[in-house]
Structures are given as structure tokens and as C-alpha cells.
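Undergrad: Can you look at this prediction? I've put the sequence above it.
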Amino acid sequence: MFFYIDPGVGSILFQAAAAGVIAVAVFFRQIRNWVSTRILHRRNHDRN
């Protein structure tokens, strides 16, 4: 069985997929930055 996806629905699906990928990338970047900030803060704190 084949399904027809008109340009409007295809555009919406593409935008939703792109937004999901970007949201996941930003989420993990924020976690990476938070962890690295904690590690750097701890290292600088230990040196003083």
C-alpha cells in the first residue's frame, strides 16, 4: 500500500523532524556545557 503525502503535509513533517533533531542537539549541548562548567569550577576551586 502506498500513501500520498501532499506538499503541505510533507513540509510539516520535514519541519517537525528538523525541529526534533535541533532540539535534541541543543539539549545535549546544554548538558555538556553544564557538566564542563561544573568540572572546571571544581578544578579551579581545588587549586585555590
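TA: Everything's here; your move.
Undergrad: Pass me the low-pLDDT residue ranges in this structure, would you?
TA: 1, 44-48 (pLDDT under 70).
Undergrad: who's in contact with residue 29?
TA: Contact partners of residue 29, counting by CB atoms under 8 Å, 6 or more residues apart in numbering, are absent. Where you see a C-beta, it was placed from the backbone N, CA and C, and this is true even at glycine.
Undergrad: which SS class is residue 3?
TA: Here residue 3 is coil, with the state taken from DSSP: H, G, I helix; E, B strand; the rest coil.
Undergrad: What values do phi and psi take at it?
TA: With angles defined as degrees, to the nearest 10, residue 3 sits at phi -110, psi 140.
Undergrad: Next, count neighbours for it.
TA: Residue 3 has 5 neighbours, counted by other CB atoms under 10 Å.
Undergrad: any idea how far it is from residue 29?
TA: Going from residue 3 to residue 29 by CB to CB, to the nearest Å gives 35 Å.
Undergrad: wait, what's in contact with residue 27?
TA: By CB under 8 Å, 6+ apart, residue 27 has no neighbours at all.
Undergrad: quick one: it and residue 21, what's the gap?
TA: According to CB to CB, residue 27 stands 11 Å off from residue 21.
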